[in-house]
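Asker: Here you go, sequence then predicted model.
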Amino acid sequence: MKKWIAHWFLRRNGWRIEGQVPKHKRFVLIAAPHTSNWDLPYLLAFAAVFDLKVSWLAKHSLFFPPMGWIMRALGGVPVVRHENNNVVDDMVEVFNTHQDLVLVVPTEGTRARTEFWKSGFYHIAMGAGVPIVPSYLDFGNKRGGFAEALVPTGNLAADMDHFRKIYADKTGKFPGMFGPVRLREERQNED
């Protein structure tokens with residue numbers, strides 16, 4: 001029933017489904033571009049179409065009652081961004097204790113434009129030894145789905161080049177809010 005509703009929702013809004021169901025049982029799923037509150041319903045619809053049970057990281061303020069119960073039921077995991085918690089190590093440990101886990105990480109960390117992606121997605125995948133699967137919502141062409149997975153190599157620039165190619169032609173709901181696909185560490189490694 002959930003899959004049928006998701007198909008109906010996407011078709012009714014004119015969206016095309018692209019890509020294949022990721023073959024891995026455990027992976028970090030990039031959610032980009034992230035420029036609108038509509039990204040979550042579309043992400044969840046695409047996940048339902050592909051029969052993926054996803055867990056997703058979001059700011060803790062979304063999890064206060066009564067919405068918090070709904071957010072958790074939909075797979076939400078609260079993150080307190082202003083505290084110095086070690087989310088990466090915590091998520092690596094979660095991967096180590098689960099046979100099946102799809103962890104969605106909004107790489108931009110916010111709907112506002114940023115000049116750098118948050119690198120947590122990369123470090124979680126490296127620490128857990130799992131691939132990174134890029135998902136996309138291309139509002140400009142009303143298409144969404146998955147691109148080719150990447151097992152991170154530790155060569156940050158080369159791995160990020162893979163993602164830059166994938167997201168080069170993708171447009172968020174608010175195109176000006178989608179910043180460059182790069183990590184702050186890439187700039188630091190150039191120095």
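Answerer: Nice, thanks for sending it over.

Asker: residue ranges with poor pLDDT in this protein?
Answerer: 81-84, 188-191 (pLDDT under 70).

Asker: so where do the strands sit in it?
Answerer: For the chain, the strands defined by DSSP state E cover 16-18, 26-32, 55-59, 76-79, 101-105, 132-138, 143-146.

Asker: So for residue 179, which of the ones you listed sits nearest?
Answerer: Nearest to residue 179, of all the strands of the chain, is strand 26-32, at 10.1 Å by Cβ to Cβ. Placement of C-beta: from N, CA and C, glycine included.

Asker: elements contacting the closest one?
Answerer: strand 101-105, helix 120-128, strand 132-138 (3 or more Cβ pairs under 8 Å, 6 or more residues apart in numbering; DSSP states H and E).

Asker: Isn't residue 114 up against residue 178?
Answerer: No - the pair residue 114 / residue 178 is not scored as a contact, 9.3 Å apart, by Cβ atoms under 8 Å.

Asker: higher neighbour count, these two?
Answerer: residue 178 (21 against 17; other Cβ atoms under 10 Å).

Asker: For the closest residue to that one other than its chain neighbours, give me its contacts.
Answerer: Counting by Cβ to Cβ, 6 or more residues apart in numbering, residue 33 is the residue found nearest to residue 178 once chain neighbours are left out, at 3.8 Å. If you count contacts by Cβ atoms under 8 Å, 6 or more residues apart in numbering, residue 33 has them with 39, 108, 136, 137, 167, 170, 171, 172, 177, 178.

Asker: For residue 163, which non-adjacent residue is closest in space?
Answerer: residue 181 (5.5 Å).

Asker: what does residue 100 give?
Answerer: Setting aside the residues directly before and after it, residue 100 is nearest to residue 25 in space (Cβ to Cβ, 6+ apart), at 4.8 Å.
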